[in-house]
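> give me coordinates for this.
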Amino acid sequence: MSPRAIVHRACEAGLDAIALCDHNSARNTPALREACAAAGIACLYGMEITTAEELHAVAVFDTPEAALAMTDRIYAALPVRLNMLDVPGVQPVGDAVGQGMDRERHLLSAPAQLAVREVAVVVHHLGGLFIAAHADRAIFSISSQLGVLTGDEGFEAMELTRHAQRALWRQRFPGLPILCASDAHQLCDIGMSWNEADLPDFTVASLRAVLARDAVYCVTR
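All right, here's what the predicted structure looks like:
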């Protein structure tokens, strides 16, 4: 799952644009920018954040610099514990040609000590888009951790897995537009779900605009 391998697989799957969202870190996004530029594919830069409520939320940004600023904020809120190489495993930071440059030593599987509303404030301050990750899952989701939403959590969309019944989740969280991402943790999962929209460019502002019109269409294999 190096940035180069991800981009190669995304091109094979026929995708025009992707977002990379590692857990609690965006240190691989500079390499993603280089790999996408070389392949001629558009990208956004993000991370999948575990909040204090132990729910997963996706933040995406227009630049690696913004994503790395978000990383600094999350690192400051993570428990002071080193990642063990046996559990959960090596956390590599790569370069654009697929070589590992470093190992991330923060325990990225841990929740940050920031509530979801606090995370949303930082994401929006940095110009990012804030999305409830895999809302239909039985763990680490808005449905499992919060149950209901008050509307002030800061989410601008919810992501569903390819197994979700979208009509059901529209009814459960009627204020949130839907995205259907692959949430790929293996190369073979890239392109199993994707979104189609009429975008003038692949930016946070353009994506936010089509989400506000609920004009994003989910496709799954």
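
> strand partners (parallel or antiparallel) of the longest strand seen in the chain?
In the chain, assigned by DSSP state E, the strand with the most residues is strand 42-50. With DSSP bridges as the test, strand 42-50 is paired with strand 17-23 (parallel), strand 56-61 (antiparallel).

> now, of those strands, which is deepest in the fold?
Neighbour counts (mean count of other CB atoms under 10 Å) averaged over each of those peak at strand 56-61, with a mean of 26. The C-beta positions use only the backbone N, C-alpha and C, and glycine is treated the same way.

> now that one: average pLDDT?
The pLDDT scores in strand 56-61 average 98.

> likewise stretch 193-210?
96.

> now do that stretch: everything it contacts.
With CB atoms under 8 Å, 6 or more residues apart in numbering as the contact definition, stretch 193-210 has outside contacts at 13, 15-17, 42-44, 60-62, 127-129, 156, 161-162, 179-183, 215-221.

> can you give me the buried ones in it?
193-195, 199, 202-204, 207, 210 (16 or more other CB atoms under 10 Å).

> relative to strand 42-50, how tilted is the helix ranked longest in the chain?
Taking DSSP state H as the criterion, the chain has its longest helix at helix 64-77. Counting by axes from the mean of the first three to the mean of the last three CA atoms, to 10 degrees, helix 64-77 lies at 10 degrees to strand 42-50.

> show me where the protein has its strands.
Going by DSSP E, the chain shows strands at 17-23, 42-50, 56-61, 92-94, 100-103, 129-132, 157-160, 178-180, 193-196, 217-220.

> just the pLDDT for residue 83.
pLDDT, residue 83: 57.

> I meant to write residue 98 there.
62.

> mind listing what's buried in the longest strand of the chain?
For strand 42-50, burial by neighbour count (16+ other CB under 10 Å) applies to 43-50.

> return the closest of those with respect to residue 67.
Set against residue 67, the nearest of the buried residues of strand 42-50 by CB to CB is residue 45 (4.1 Å).

> residue contacts, that closest one?
19-20, 26, 29, 32-33, 60-64, 66-67.

> can you lay out those as JSON lines showing distance to residue 9?
Below are the contacts of residue 45 laid out as JSON lines (distance: CB to CB, whole Å):
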{"residue": "19", "distance to residue 9": "14"}
{"residue": "20", "distance to residue 9": "12"}
{"residue": "26", "distance to residue 9": "20"}
{"residue": "29", "distance to residue 9": "17"}
{"residue": "32", "distance to residue 9": "13"}
{"residue": "33", "distance to residue 9": "17"}
{"residue": "60", "distance to residue 9": "19"}
{"residue": "61", "distance to residue 9": "22"}
{"residue": "62", "distance to residue 9": "23"}
{"residue": "63", "distance to residue 9": "23"}
{"residue": "64", "distance to residue 9": "20"}
{"residue": "66", "distance to residue 9": "25"}
{"residue": "67", "distance to residue 9": "21"}
